[in-house]
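# Pasting a predicted model and its sequence here:
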Amino acid sequence: MLRDLIASDVEAICEINKEALGYAFSSEETASQLARLSKDPHHFLLGYEDDASHELLGYVHAEDYECLYSNAGFNILALAVLPQMQGKGIGKALLQGLEQETEKRGYKFIRLNSADHRIGAHAFYEQVGYICDKLQKRFIKFI
């Protein structure tokens, strides 16, 4: 089930960040960032919780992307799912939740950057409708 990220998710977020993204960020710093960003309307934080165990299995974090040469959209800062839960539709569900928020805000696209070595992630983004429009592996989906 999709839901907002909450303060009690901090340990799970830290585990997801470490296992899925390779980032070791302390729980104290994560808690501080989550508290601050949850109140900022320019950030969107959505989690995927297992219906039975209520364990957080993944999340997406996007921010408003506004500039002088484009319509407004979302920029994904993180999309992460526990490695053992990948391939079960969780990432796709999180992106669908983000797409709904994108439409609600009247934004025109979702974009993200992905490192060259994340070949599996690139294939996933293309599978769900994103296109690579730059050599730097920036993906975009028009909505």
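Here it is on my side, so go on.
# use CA for all of it now, contacts and neighbours both
Noted.
# Check the offset of the lowest-mean-pLDDT helix or strand in the chain from the chain's centre.
In the chain, no helix or strand scores lower on mean pLDDT, DSSP states H and E than strand 138-142, which sits at a mean of 78. How far strand 138-142 lies from its chain's middle: 14 Å, per CA atoms, centre = their mean, to the nearest Å.
# again, but for stretch 124-141
With CA atoms, centre = their mean, you get 14 Å for stretch 124-141.
# what does stretch 99-109 give?
14 Å.
# Kindly report the same for stretch 99-118.
Using CA atoms, centre = their mean, the offset of stretch 99-118 from its chain centre is 9 Å.
# Okay, buried residues for that stretch please.
99, 102, 107-114 (16 or more other CA atoms under 10 Å).
# now do stretch 13-27
Neighbour-count burial for stretch 13-27 [16+ other CA under 10 Å]: 13-17, 19-20, 27.
# For the most centrally placed residue in the chain, give its distance to Leu34.
Nearest residue to the geometric centre of the chain (CA atoms, centre = their mean): Val60, 2.2 Å. Per CA to CA, to the nearest Å, Val60 is found 12 Å from Leu34.
# phi, psi of Val3?
Wrong residue type there; residue 3 is Arg, not Val. With angles defined as degrees, to the nearest 10, Arg3 sits at phi -160, psi 160.
# can you count the residues close to it?
Look at Arg3: counted by other CA atoms under 10 Å, it has 14 neighbours.
# Could I get the contacting residues of it?
By CA atoms under 8 Å, 6 or more residues apart in numbering, Arg3 lies in contact with 46-49.
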